[in-house]
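Engineer: I'll drop the sequence and a predicted model, then ask my questions.
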Amino acid sequence: MAHFLAERGLTLSPEKTCSTPREDGMDFLGQHLRRYANGTVLVKPSRKQVRTFLAKIREFIHTRGPVLTTGELIQCLHPKLRGWAPYHRHAHRKRTRA
């Protein structure tokens, strides 16, 4: 792989590159990809991504929620949800644990 990339003027970062068994899956760009023995590939939001997003939403609600009406709070949260949801729209629809 390193030779292939070197021909194109690219290198792998040793700090960021690791090999994992296919059964364990991997996180890439906020998604967790895993291939099962039967050939099924499952893509879902990574736990770290879900935790980070929920923490930001909780923080926003605790800091600005008390001074906003319910309608204003929904209007403020709507863009955040509309940004996160389409990014993960191709992920598996089963429940994702945080």
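Structural biologist: Yes, it's here. Numbers count the residues shown, from 1 in each chain.
Engineer: all strands of this protein, in order?
Structural biologist: Here the chain has its strands, by DSSP state E, at 26-28, 31-35, 41-45.
Engineer: neighbouring contacts of the shortest one?
Structural biologist: The list of residues contacting strand 26-28 from outside it, by CB atoms under 8 Å, 6 or more residues apart in numbering, reads 20, 32-34, 46, 48-49. For every residue, glycine as well, the C-beta is placed using N, CA and C.
Engineer: whichever of the residues you listed end up buried, select them in ChimeraX.
Structural biologist: Those of those that count as buried under 16 or more other CB atoms under 10 Å are selected in ChimeraX with:
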select :32,33,46,49
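Engineer: stretch 34-45: end-to-end distance?
Structural biologist: End-to-end distance for stretch 34-45, by CA to CA, to the nearest Å: 11 Å.
Engineer: what comes up buried for that stretch?
Structural biologist: Buried residues in stretch 34-45, counted by 16+ other CB under 10 Å: 44-45.
Engineer: what's the answer for stretch 78-93, then?
Structural biologist: 84, 88, 91.
Engineer: so who does the second one touch?
Structural biologist: Think residue 88. 30-31, 44-45.
Engineer: again, 7 Å this time
Structural biologist: Each residue near residue 88 by CB atoms under 7 Å, 6 or more residues apart in numbering is listed here: residue 45.
Engineer: same question for residue 84.
Structural biologist: Going by CB under 7 Å, 6+ apart, residue 84 touches residue 53.
Engineer: ok, it to residue 71 distance?
Structural biologist: Plainly put, residue 84 is 21 Å away from residue 71 if you go by CB to CB, to the nearest Å.
Engineer: skip the chain neighbours and tell me the closest residue to residue 45.
Structural biologist: What sits nearest to residue 45 in space, not counting adjacent residues and going by CB to CB, 6 or more residues apart in numbering, is residue 88, at 4.8 Å.
Engineer: look up how far residue 53 lies from that neighbour.
Structural biologist: Relative to residue 53, and taking CB to CB, residue 88 is found at 9 Å.
Engineer: now residue 31
Structural biologist: Distance, residue 31 to residue 53, using CB to CB: 13 Å.
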